[in-house]
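K.L.:
pasting a predicted model and its sequence here:
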Amino acid sequence: MDIPDLVQDELGDEEIRAGVNLGDEDAVCFTPTRTLVYRGEGLLSDEKVTAYPHDFERLTISEGRRKIKFTLYYTDEKRDLTVPGGRGEAVLERLLEGKLTVSNVIESEESVAGVFRFSELTLVVTDSQLLRHLGGVTWDADFEAYAFEDVTGLDFEEGSVATAIVLSVNDRPERIKAPAEDAPRLKQVLQDALFAFHDVSSLADLNAKLSPESEESDESDDGLGLDAGIDPLVSGDTESEQREETPTQSATDNGGGQANAAAPTTGSAQSATQQAAIDEVETSTDTDTDTDADPDIAALEQQVADLTAVIERQNERLDRQEQTIQTLIKELRQGR
């Protein structure tokens, strides 16, 4: 697009970052601080340039059948900018990009990838964050920002009327609904921006890279896992205490072995050992039940009861230790 001489004179030390052709000789040029609208010479008017500074406080949009009117509200005045309907989206993107830049909401090198308006919801996708504004106006100071570096997951729940965008930020889901007919473009723009930011090529790769499980694995590799500074489920003292509490099984006529209730370091191994001991004692007991006068039967029954009580106490300790481990993992994830 050729820059008219009148616009060049208006620029001063600034440079044009983008431009939109409005048809005929009319054009909109965007500098870092202003939007310059050029109107070519007509039968009833001379050529002119009108400047719209980007430090406006509020922006509203009125759509007609053929034209779109932007109203910019400043501290002491308001200014209207009317463009053809087919150019409205491009003008809105660059106009908001200028506003967000001068307001330090986005960095000077950050660009707007897309602007979406759904009734009283406006979404702005940049190359490093998602901005959400709720309200009757298209834009003012009341908005929320979700930085891509804080995103921990992305999902889409498609429906016949609307599609819900589930954006997890620091493991907290933010649900944003978009009309079904507009959702595909928003989905594409948001995915492209997130994929580029996190250097992935698919939604599955993105969620795999950002998932809490991946972070937990990384923490383990860095020495922050369960093997670094966290006691096993059952400590050495507990094992000694349990061995003292466990009675020694008497030898039976069938050569029964000893039942040792010392706890292994994992719950599964402990349970297997304890169950094996119980089964062995019960087998010995069943073998000799035909001899009521056998003095070992009563002793074996008592040992089974004692062993069961020890196992129950061990399970209670395991439950408490498991709760402690889960709390510690949660605090490690939170950076405590």
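P.N.:
Okay, I see it. Numbering: from 1, shown residues only.
K.L.:
please count neighbours and contacts with C-alpha atoms only from this point.
P.N.:
Will do.
K.L.:
report the rounded mean pLDDT for stretch 158-169.
P.N.:
Averaged across stretch 158-169, pLDDT comes to 94.
K.L.:
what strand or helix carries R117?
P.N.:
Using DSSP states H and E, R117 sits within strand 112-118.
K.L.:
and the helix or strand following that strand with strand 112-118, angle?
P.N.:
Counting by DSSP H and E, the next helix or strand C-terminal to strand 112-118 is strand 121-126. Calculated by axes from the mean of the first three to the mean of the last three CA atoms, to 10 degrees, strand 121-126 forms an angle of 170 degrees with strand 112-118.
K.L.:
may I have strand 121-126 as PDB, with CA atoms only?
P.N.:
Output in PDB follows, covering the C-alpha atoms of strand 121-126 (Å, rounded to 0.1, in the frame of the first residue of the first chain):
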ATOM      1  CA  LEU A 121     -17.600 -11.200  25.600                       C
ATOM      2  CA  THR A 122     -14.500 -10.000  23.900                       C
ATOM      3  CA  LEU A 123     -11.400 -12.300  23.500                       C
ATOM      4  CA  VAL A 124      -8.000 -11.100  22.300                       C
ATOM      5  CA  VAL A 125      -5.400 -13.700  21.400                       C
ATOM      6  CA  THR A 126      -1.800 -12.500  21.200                       C
END
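K.L.:
now for the strand holding R117, which elements pack on it?
P.N.:
Strand 112-118 sits against helix 88-102, strand 121-126, helix 183-198, with contacts defined as 3 or more CA pairs under 8 Å, 6 or more residues apart in numbering; DSSP states H and E.
K.L.:
got these as JSON lines, with mean pLDDT, mean neighbour count and distance to E174 columns?
P.N.:
JSON lines is the format used below for the helices and strands packed on strand 112-118 (pLDDT from 0 to 100; neighbours: other CA atoms under 10 Å; distance: least, CA to CA, whole Å):
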{"stretch": "helix 88-102", "mean pLDDT": "96", "mean neighbour count": "20", "distance to E174": "22"}
{"stretch": "strand 121-126", "mean pLDDT": "97", "mean neighbour count": "21", "distance to E174": "13"}
{"stretch": "helix 183-198", "mean pLDDT": "96", "mean neighbour count": "17", "distance to E174": "14"}
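K.L.:
can you put these in a markdown table and add distance to A51?
P.N.:
Formatted as a markdown table, those follow (distance: least, CA to CA, whole Å):
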| stretch | distance to A51 |
| --- | --- |
| helix 88-102 | 12 |
| strand 121-126 | 24 |
| helix 183-198 | 30 |
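K.L.:
that older thread, so for the strand holding R117, what gets flagged as buried?
P.N.:
Neighbour-count burial for strand 112-118, counted by 16 or more other CA atoms under 10 Å, picks out 112-116.
K.L.:
tell me the average confidence for it?
P.N.:
The average pLDDT within strand 112-118 is 95.
K.L.:
what's in contact with it?
P.N.:
Outside strand 112-118, the residues that touch it by CA atoms under 8 Å, 6 or more residues apart in numbering are 89, 92-94, 97, 122-127, 138, 178-179, 186, 189, 193.
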